[in-house]
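Colleague: the sequence and its predicted three-dimensional model are supplied below.
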Amino acid sequence: MNDLTTYEKLPQSFYEREDVVQIAQDLIGKYLVTNIEGIITVGKIVETEAYCGRNDKACHAFLKRTKRTEIMYARGGHAYVYLCYGIHHLLNVVTNKEGLADAVLIRAVEPVINVDGMRDRRGVEITGKRLTAGPGMLSQAMGITTRLNGMDLLGDILWIGQQNSQAQVDIVSDVRIGIAYAEEDALLPWRFYEKDNRFVSKVKKN
DNA sequence: TCTAAGATGGGT
DNA sequence: CCCATCTTAGAA
């Protein structure tokens, strides 16, 4: 059941590519895996957003390199996890070369392995799409906290895999969510999600 | 030290 | 649709 051998770990080269928007798109249909203190969970990535450090006002690293954003400047293939609204842990995948602060926010996954474990973390009364249909929810379900900030995605705690024969997924692009402060950059179609997947997060008005 | 967010989520 | 959220980064 918990057979991870069918998930091939994405290589370093996947994350070091220059086009963060392309990477965000490519991550749809891949599998997010966590092994937190022996508890393994896997979710299929169904929604992502791209953030570009150099020309995107919505990006935390735009025009600033601080303690929090430092990890985004590392080479691709690391996790950037930060706390939002004091409560929610949000997972990003750092991309591009060292010194170029790009990242992809993982906004939603569809539970694949260990749904019970996810429910244990979310709360017994939580079922269905309320399990992982949002960036804060999926982090809680998969045991992701700011302790995992800076984690190497080629390690064995937190990584992303693909299946040999990946099913064809219909990908839709749209504007990103909750970034009205980014002015004209809020209009960039840098959110991607799998069409008709019920775990895609609810669209929120900006 | 202090202040002000802030890539949300849940309830009505 | 409305609003509680509360830790922490970032500045002074």
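Modeller: Received the coordinates, thanks.

Colleague: tell me where chain A is predicted with low confidence.
Modeller: By pLDDT under 70, the low-scoring segments of chain A are A:1-2, A:204-206.

Colleague: show me what residue of it gets nearest to DNA strand C.
Modeller: Among residues of chain A, the one nearest DNA strand C by CB to the nearest atom of the strand turns out to be A:Gly86. It sits 2.0 Å away. Where C-beta positions appear, they are placed from N, C-alpha and C, glycine not excepted.

Colleague: so which strand or helix has that residue?
Modeller: For A:Gly86, there is no enclosing helix or strand under DSSP states H and E.

Colleague: could you report the neighbour count for it?
Modeller: Using other CB atoms under 10 Å, the number of residues around A:Gly86 comes to 5.

Colleague: for the residue in chain A sticking out farthest from the centre, what is the enclosing helix or strand?
Modeller: Distance to the chain centre peaks in chain A at A:Glu125, reaching 24.6 Å (criterion: CA atoms, centre = their mean). Per DSSP H and E, A:Glu125 falls between elements, in no helix or strand.

Colleague: please apply the same query to A:Arg119.
Modeller: Using DSSP H and E, A:Arg119 falls in helix A:115-122.

Colleague: A:Glu16: what's its closest spatial neighbour, skipping adjacent residues?
Modeller: The spatial neighbour of A:Glu16 that comes closest, neighbours along the chain excluded (CB to CB, 6 or more residues apart in numbering), is A:Gly76 at 4.3 Å.
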